[in-house]
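Undergrad: Sharing a model prediction with you, sequence too.
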Amino acid sequence: MYVLYCDESNLEANEDHFFVYGGVAASSESILGLSRRIDELRAAAGLAPDFLLKFNPKPEHLTHGEFIELKQSLIEAATEFGCTFFTSLILHNIAQNPNDARLKEINRICYHFHCFLNRVDTPGLVMVDRFEDGQVDMHLREKFSVGLRDMPHADQMRLDRIVGFHYAAIGQSNMCSLIDILLGSYRFAVNAIIDDRHLDSARQISQLLSPLFFREHGRQAVSEIGLFFSPMSIRVARYRQIYQRVHDFFGGCDIDCEQRIRSDA
């Protein structure tokens, strides 16, 4: 079995920046070892047992450089223990309502996780970061009982590889810290590309994250179920240029994306 921990980043609407949603999956065979490794990294960094480790803010006793090294160590541990990273990007200009976008991207990441589970022939469990939204309880119940609605080739599709959809919150699992740091690092890199600032850091982060993205067997390109540019068709030329800039930058950082940026569906 695989467990997928999900979270979002950049929820606040900001023109020309991306809303990012994603999840990190670990197998039942590796997740205990990974959690213990994160415990060791926390202890070595002198973190109190109840410190909520996230992408930000940093622990007061660590320098900026030491905190970066700690986050890098967590990402390297995720790679060592065979985790898989799933992400979806959508410009706030296109999404418009970030709360609605979050629900739609939960659908997408859960569907991509389901596709991954079909590839590896095993069941999975989804843990969604808790957030205040009156629609989310019904949304997750529907994900389990119905699955997805209004698919291109079917009115609905049951995600029958996923045995449950539940909540998790920072401090309740080391995996919650891990996905927050993975997604925060990824979001930093993406928006640095757009802003044309901190590009060396963006390149280092992207190369560090590269091994975590899902690739189909025997292929070097990152599958679109691992990294998805949403929506599939970008009709506004200025927005399409932003997507293409990120796509091209990733290609130079060992993240050659299978999905192409298109102007038509």
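TA: Arrived safely.

Undergrad: State the distance from residue 91 to residue 18.
TA: For residue 91, the distance to residue 18 (Cβ to Cβ, to the nearest Å) stands at 6 Å. In short, each C-beta sits where N, CA and C put it, glycine included.

Undergrad: And the residue lying closest to residue 165 once chain neighbours are set aside, how far from residue 16?
TA: Closest residue to residue 165 apart from its sequence neighbours, by Cβ to Cβ, 6 or more residues apart in numbering: residue 140 at 4.3 Å. Distance of residue 140 to residue 16, computed by Cβ to Cβ: 31 Å.

Undergrad: what about these two, which has more around it?
TA: Using other Cβ atoms under 10 Å as the criterion, residue 140 and residue 16 rank with residue 140 on top: 19 against 13.

Undergrad: The more buried one belongs to a helix, doesn't it?
TA: Yes. Remark: residue 140 belongs to a helix, assigned using DSSP: H, G, I helix; E, B strand; the rest coil.

Undergrad: quick one: pLDDT of it?
TA: Listed pLDDT for residue 140 reads 84.

Undergrad: what do you get for the one 10 residues further on?
TA: Model confidence at residue 150, given as pLDDT, is 70.

Undergrad: one step back: give the contact list for the residue nearest to residue 165.
TA: By Cβ atoms under 8 Å, 6 or more residues apart in numbering, the contact set of residue 140 is 128, 165, 166.

Undergrad: Tell me which of the residues you listed fall in strands.
TA: 128, 165, 166 (DSSP state E).

Undergrad: quick one: the second one and residue 3, what's the gap?
TA: Spelled out, it's residue 165. For residue 165, the distance to residue 3 (Cβ to Cβ) stands at 12 Å.

Undergrad: quick one: low-confidence ranges for the stretch 151-265 of the chain?
TA: Across the stretch 151-265 of the chain, the ranges flagged by pLDDT under 70 are 151-154, 265.

Undergrad: now the contacts of residue 140: which count as buried?
TA: Among the contacts of residue 140, those classed as buried by 16 or more other Cβ atoms under 10 Å are 128, 165.

Undergrad: All the helices of the stretch 151-265 of the chain, residue numbers only.
TA: Using DSSP state H, counting those that start in this stretch, the helices assigned to the stretch 151-265 of the chain run over residues 174-195, 199-209, 237-251.

Undergrad: what does the last one contact?
TA: So the one you mean is helix 237-251. By Cβ under 8 Å, 6+ apart, the residues outside helix 237-251 that reach it are 16, 18, 89, 91, 93-94, 190, 193-194, 199, 202-203, 206, 227, 229, 234, 256-257, 260-261, 263.

Undergrad: now that helix and helix 199-209, what's the angle there?
TA: Between helix 237-251 and helix 199-209, the angle comes out at 60 degrees (axes from the mean of the first three to the mean of the last three Cα atoms, to 10 degrees).

Undergrad: And helix 237-251, what's buried?
TA: Within helix 237-251, the residues scored as buried using 16+ other Cβ under 10 Å are 240, 242, 243, 246, 247, 249, 250.

Undergrad: Can I get these in JSON lines including distance to residue 26?
TA: Shown next, in JSON lines, are the buried residues of helix 237-251 (distance: Cβ to Cβ, whole Å):
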{"residue": "240", "distance to residue 26": "35"}
{"residue": "242", "distance to residue 26": "32"}
{"residue": "243", "distance to residue 26": "29"}
{"residue": "246", "distance to residue 26": "26"}
{"residue": "247", "distance to residue 26": "27"}
{"residue": "249", "distance to residue 26": "28"}
{"residue": "250", "distance to residue 26": "23"}
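
Undergrad: right, and out of those residues, which lies closest to residue 40?
TA: The shortest approach to residue 40 among those belongs to residue 250, at 31.1 Å (Cβ to Cβ).

Undergrad: can you tell me how far that closest one sits from residue 228?
TA: Distance from residue 250 to residue 228, by Cβ to Cβ: 12 Å.

Undergrad: now do residue 215
TA: Distance, residue 215 to residue 228, by Cβ to Cβ: 14 Å.

Undergrad: more crowded one of these two?
TA: residue 228 (25 against 17).
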